[in-house]
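Trainee: based on what follows, work out the 3D shape:
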Amino acid sequence: MAARAGTGPVHREPGRGPRPGIMAHALIEVERKFIPGPGTEKRLQELGSTLEHQVTFRDRYYDTPELSLMRADYWLRQREGSGWELKCPGTAGVSGPHQEYVELTVEPAVVAQLCEVLGTEVLGAGGMAAVLGPLGLQEVASFVTKRSAWKLVLSGTDEEEPPLRVDLDTADFGYTVGEVEALVHEEAEVPVALEKIYSLSSMLGVPVQETAPAKLMVYLQRFQPQDYQRLLQVHRPREKPQGTKDPEGNLG
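Mentor: Have a look, this model is predicted:
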């Protein structure tokens, strides 16, 4: 599973990170996943969190037959009602049970980055529907999620600061996962965002080093184990999915 975090300037190695020309379209997502307990929602209420909405949606993930994107830590998703999103790896540097990604949601920027990662010429100004075939992209996973979305401004912080968001998700294949998330515009804002995420995680009773797999990784492990094993060759999760054997135990 992907884990990228850093405090240095955003940079791009060949095939890594977003192209500089599209950074204007990007936000940096700093997140930490955890396994919610039966008292998580009650604790959120005690901390003054607001339940923004409850929603059900379908996610469809796309990649090449060789999983060229996922193996390079790029994650292309079409969410029902929200459109396309490409998550690009952030810079490495700060270790811990969190992830950092640059999110692209403007279709021309997504197309340009996909062409860069897959090593093809930029395919004009068409949208995603027009480039799926030429780029060799196909649906590799699809599932429905029920989400409760919460937001909270931590006590003692500037009320004008963007709130932290906590999503509690239950997928239609029986996996439940939580996520504490902050969105920032600059890499320099990441350390402060991490402090807030860890602080809220502690208040929710999340163990310091707990990590939880993403829904997609658990889906692949359960229903497409060959693809899951291919991803384990480059992404080695530190925690096993619920109700499964240790995924690293299958490497040898």
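Trainee: all helices of this protein, in order?
Mentor: Here the chain has its helices, by DSSP state H, at 40-46, 68-71, 107-118, 128-131, 190-203, 215-223, 225-232.
Trainee: tabulate these in a markdown table, adding columns for mean pLDDT.
Mentor: Output for the helices of the chain, formatted as a markdown table (pLDDT from 0 to 100):
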| stretch | mean pLDDT |
| --- | --- |
| helix 40-46 | 97 |
| helix 68-71 | 97 |
| helix 107-118 | 94 |
| helix 128-131 | 92 |
| helix 190-203 | 93 |
| helix 215-223 | 97 |
| helix 225-232 | 95 |
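Trainee: any chance of those in a markdown table, with distance to residue 86 and mean neighbour count too?
Mentor: For glycine as for every other residue, the C-beta is placed from the backbone atoms N, C-alpha and C. Converted to a markdown table, the helices of the chain look like this (distance: least, CB to CB, whole Å; neighbours: other CB atoms under 10 Å):
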| stretch | distance to residue 86 | mean neighbour count |
| --- | --- | --- |
| helix 40-46 | 30 | 15 |
| helix 68-71 | 8 | 20 |
| helix 107-118 | 5 | 20 |
| helix 128-131 | 10 | 16 |
| helix 190-203 | 19 | 18 |
| helix 215-223 | 14 | 21 |
| helix 225-232 | 17 | 16 |
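Trainee: out of those helices, which gets nearest to residue 165?
Mentor: Nearest to residue 165 among the helices of the chain is helix 190-203 (10.0 Å), distances taken as CB to CB.
Trainee: can you list the helices of the chain in a markdown table and add distance to residue 29?
Mentor: Conversion of the helices of the chain to a markdown table gives the following (distance: least, CB to CB, whole Å):
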| stretch | distance to residue 29 |
| --- | --- |
| helix 40-46 | 20 |
| helix 68-71 | 17 |
| helix 107-118 | 15 |
| helix 128-131 | 20 |
| helix 190-203 | 10 |
| helix 215-223 | 15 |
| helix 225-232 | 20 |
